[in-house]
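K.L.:
fold the stuff below for me.
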Amino acid sequence: MGKELAFRKDGTFKIIQFTDIHVYDGLGEADIRSLTLIKNLIESEKPDLIVFTGDVIYADNETGDLREGFRKTVQIADQSGIPFAVIYGNHDAERNVKKPELQKILSEYGNCISEAGPEDIGGIGNYTATVKSSSSGSDAAVLYFMDSGEYAHESIGGYAWIQPGQVQWYREQSRQLAEKNNAVLPGLAFLHIPLPEYNEVWESGGAEGTKGEQVCCSKVNSGLFAALLERGEVMGVFAGHDHNNDYIGTLHGITLAYGRATGYNTYGDLKRGARIITLMEGERRFDTYIKEDSV
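P.N.:
Coordinates of the predicted model:
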């Protein structure tokens, strides 16, 4: 576990979300552009936490040292001295690369807050992190990181879904935090594959941003959004996966947002960049915007 997270003295906590970098080995021209963008945005935005929301590497590629590409990417975050978190996408562990192997690599970096999470629920990388108060040192906000899986069984098709065990894990974590703090903390959740409700928030007409492709969510709705509503804690959910979508909208009081695709080694018409999210201590709100590559 890396450094403790805490609000700044001015009551803010800034997160930068990188998603869908699709690094191969870190040596090609597109990879170098992606890694340079990550470094530049970290330096210019000076966040308090760096979050990689999946498809850090594109493990379906048959050439290049994919593990080295993964290392090169997370090393940029680690060398900045800023805590960073990683969750996996559907492309991080394909062919001969496995999540436990990537998780072991992450454990080598002192600024990484990622955890493998419980072994008896779906996926690897289900964990929480609290953000401490700027003054008292008590918990002031909570961040949830969840593994959204890879692909559904061929009889169903499409992408995986958050499994029931993960939904129950979320409920239990939320309950324990509320009991510990005698309050429901404001929270954010991060995953790779968008929830089915991303369709609904766009169709409601209230979303802002770009929808350049269909929402590639699972065909099965396993109820995570309903659990978030019931607990009344999570203010916003942040996903990646769909490189031509970057929209944001609010559904039943919960903001559903895409990050901006970061990597140059993959498809997508949107200018590469990252999403910036700033939490406000003592308030149930956050500010967010897209920061694009300036090149």
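K.L.:
pretty sure Gly223 contacts Gln166?
P.N.:
No: at 10.3 Å, Gly223 and Gln166 do not qualify as touching, with contact defined as CB atoms under 8 Å. In this view, the C-beta of every residue, glycine as well, is placed from N, C-alpha and C.
K.L.:
for these two, indicate the residue with more neighbours.
P.N.:
For Gly223 versus Gln166, the count of surrounding residues by other CB atoms under 10 Å is larger for Gln166: 24 against 16.
K.L.:
which strands and helices lie in contact with the helix or strand containing that one?
P.N.:
Secondary structure from DSSP states H and E places Gln166 in helix 164-181. With contacts taken as 3 or more CB pairs under 8 Å, 6 or more residues apart in numbering; DSSP states H and E, helix 164-181 sits against strand 127-132, strand 139-145, helix 224-231.
K.L.:
neighbouring strands - and their directions - for the second one?
P.N.:
Strand 139-145 has the following strand partners under DSSP bridges: strand 127-132 (antiparallel), strand 187-190 (parallel).
K.L.:
winner for burial among those strands?
P.N.:
strand 187-190 (a mean of 25; mean count of other CB atoms under 10 Å).
K.L.:
just checking, what packs against whichever helix or strand comes after that one?
P.N.:
Next helix or strand after strand 187-190 toward the C-terminus (DSSP H and E): helix 197-203. Secondary structure elements in contact with helix 197-203, counted by 3+ CB pairs under 8 Å, 6+ apart, are strand 248-251, strand 254-258.
K.L.:
deepest-packed of these, please.
P.N.:
The densest packing among the helices and strands packed on helix 197-203, expressed as mean neighbour count by mean count of other CB under 10 Å, is seen in strand 254-258 with a mean of 25.
K.L.:
which residues touch the host helix or strand of Ala274?
P.N.:
Following DSSP H and E, the helix or strand that holds Ala274 is strand 273-280. Surrounding strand 273-280, the residues in contact under the criterion CB atoms under 8 Å, 6 or more residues apart in numbering are 7, 11-19, 37-38, 41, 45, 47, 131, 141, 186, 188, 236, 238, 246, 257-262, 286-293.
K.L.:
the most centrally placed residue in the chain and Ser114: what is the separation?
P.N.:
Computing the C-alpha centroid of the chain and ranking residues by CA atoms, centre = their mean puts Thr53 first, at 3.1 Å. Thr53 is 12 Å from Ser114, where distance means CB to CB, to the nearest Å.
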